[in-house]
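S.K.: sequence and predicted model, in that order:
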Amino acid sequence: MIVNLNGQEHEVTDGITVERLLLDLGIRGPLAVELNRRVCPKRLHGQRQLNPGDVIEIVTIVGGG
Amino acid sequence: MTPKNPDKPLKLGPFEFQSRLFVGTGKYPTFEIMQQALEASGCEVVTVAVRRESLYDTQQRNILDFIDRDRFTLLPNTAGCFSAEDAVRCARLGREMLELDWVKLEVLADKQTLLPDVVGTLSATRQLVDDGFTVLVYTSDDPVTALALEEAGAACVMPLAAPIGSGQGILNPNNIRIILERAHVPIIVDAGVGTASDVTVAMELGADGVLLNTGVACADDPVRMAWAMKHALQAGRQAYLAGRIPKKLYASASSPQEGTIAPA
């Protein structure tokens, strides 16, 4: 199925969890996930499954003023 | 020698700080230079930004590997947000990531001036205060807006000296003075600081602190400039606490007027 990940279409397996997606992407370090414009808290990453067309933002910390 | 009466700490929400200089972490030539500059500045609070994770280069170094969180308190910002809604989302993502419920709120109006959208800023302040955030809010130097933000529950109002990254120094000291006279929350001058004397001027006016980034990060020698900013802030703060003399139109001799030798 197709989801929107950080502004781009991205193919994932049906029913994938947020936790699995993060593992597949190989992202480490500080991050936060937003699902359809609401924060998806860390404690829910393991159970929250994605649906087709979901809009996901994965963010990190960068330098700024 | 340091002054006999120690300064009181700066209180912001649940935090207390000895240093009144807040330093940004953007635009340094390298993470290592940033690290040395933060050290030289003596700051205790550093601002950071929230941005999309790079999905294709996951081996990049993260800035947090270069900031000792036992020593520096991170202050996530909402820089780059051009609507109240996006700024609120960004603040919530920062809170989720850093487990800190304070934020430097910015809602910007346009990309060329980066001036604050004060209407959106006010709306976002209300939403974030309702959501339990300690809100430090970046705004224009307009006293009416500053007081409206205080009324909305901001823990700290941060009027600009000049546009972000412009290095022009305090363009309207009279407005900053009016804000300082009327506000009841801490006032931190944020943005537009170009060099050390700009920091001193802000503190002499009575500002509770200064937040800067570009003036240090883009100086020829960021570490030396960070050191200069630290001392400029201390000089301005002590001068404010000491109480300056009023400006007079005419001279007032420093040496006795009596007992001078006979004029030729």
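M.R.: Cool, got the structure. Because the structure is predicted, anything quoted here is derived from the model rather than measured. Residues are numbered from 1 along each chain as shown, chains lettered A, B, ... in the order given.

S.K.: residues contacting the closest residue to residue A:47 other than its chain neighbours?
M.R.: Leaving aside its chain neighbours, residue A:47 sits nearest to residue A:17 (6.6 Å; criterion: C-beta to C-beta, 6 or more residues apart in numbering or on different chains). (Glycine included, C-beta is placed from N, CA and C.) Residue A:17 makes contacts with A:45, A:46, A:47, A:48, A:49, A:50, as judged by C-beta atoms under 8 Å, 6 or more residues apart in numbering or on different chains.

S.K.: list only those of those residues flagged as buried.
M.R.: Buried members of the contacts of residue A:17, counted by 16 or more other C-beta atoms under 10 Å in any protein chain shown: A:45, A:48, A:50.

S.K.: need phi/psi at the first one.
M.R.: If I follow you right, that is residue A:45. In terms of degrees, to the nearest 10, the main-chain angles of residue A:45 are phi -60, psi -40.

S.K.: returning to what we had before: and the contacts of residue A:17 as TSV, adding pLDDT?
M.R.: Output for the contacts of residue A:17, formatted as TSV (pLDDT from 0 to 100):
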residue	pLDDT
A:45	96
A:46	96
A:47	96
A:48	97
A:49	97
A:50	97
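
S.K.: out of those, the closest to residue B:160 would be?
M.R.: residue A:45 (38.3 Å; C-beta to C-beta).

S.K.: pretty sure the closest one contacts residue A:22?
M.R.: Yes - contact between residue A:45 and residue A:22 holds when scored by C-beta atoms under 8 Å: they sit 6.8 Å apart.

S.K.: who touches both of those two?
M.R.: residue A:33.

S.K.: next secondary structure after the helix or strand hosting residue A:23?
M.R.: Secondary structure assigned from DSSP states H and E places residue A:23 in helix A:18-25. Note on helix A:18-25: by DSSP H and E, the next helix or strand toward the C-terminus is strand A:32-35.

S.K.: mind exporting that following strand as PDB, just the C-alpha atoms?
M.R.: The C-alpha coordinates for strand A:32-35 follow below in PDB (Å, rounded to 0.1, in the frame of the first residue of the first chain):
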ATOM      1  CA  ALA A  32       9.300  12.100  16.600                       C
ATOM      2  CA  VAL A  33       6.400  10.800  14.400                       C
ATOM      3  CA  GLU A  34       3.300  12.600  13.300                       C
ATOM      4  CA  LEU A  35       0.400  10.700  11.800                       C
END
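
S.K.: the helix or strand following that strand close to chain B?
M.R.: As assigned by DSSP H and E, the chain's next helix or strand after strand A:32-35 is strand A:38-39. Yes - against chain B, strand A:38-39 shows contacts by C-beta under 8 Å from any C-beta of the partner chain at residue A:39.
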